[in-house]
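Asks: 3D, please:
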Amino acid sequence: MRVCKRHKSREGTRPFYFSSPEDIILNKLEWYKMGDEVSTRQWGDIIGVMRRQAKTLDLAYLRQWAGELNVLELLERAFAETGLQETLEILQDEELMESFHRGVQDIEEGKVQSWEEVKKDLELE
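Replies: You can find the predicted model right below:
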């Protein structure tokens, strides 16, 4: 049995619990596998949740539990189909994202060279 990453919300005096996107994906992967991997509804839901929640998915949690649940191959296939594998790894690389944000800031501050200037500096023309 796995620990769920559910979220708690309070409306009025009653608490409500919501499944995390990761748990939804894992459950749907299990259902997809139990249905002989033919349900386009389950697969479509998996892909849809992955695309909508791409920036917040906990890859370590997904991979850990997909392995435990014997659906890791399906998870990797879903990542490949969405094209999110590399994107998710980049978004979760703090050093890379910090460099990216510095680059955006440099652009906003005008600290850039045109392509023509770069080619000239590198003697490509």
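Asks: how about low-confidence regions in the chain?
Replies: In the prediction, the chain carries residues with pLDDT under 70 at positions 1-12.
Asks: Not counting sequence-adjacent ones, nearest residue to the spatially most central residue of it?
Replies: Taking C-alpha atoms, centre = their mean, the centroid of the chain lies closest to Ala54, which sits 3.2 Å from it. Computed as C-beta to C-beta, 6 or more residues apart in numbering, the closest residue to Ala54 that is not its neighbour in sequence is Leu84, at 5.2 Å. C-beta coordinates here come from the backbone N, C-alpha and C atoms, glycine included.
Asks: count of residues packed around that neighbour?
Replies: Residues lying near Leu84 (other C-beta atoms under 10 Å) number 20.
Asks: Report the contact partners of it.
Replies: 50-51, 54 (C-beta atoms under 8 Å, 6 or more residues apart in numbering).
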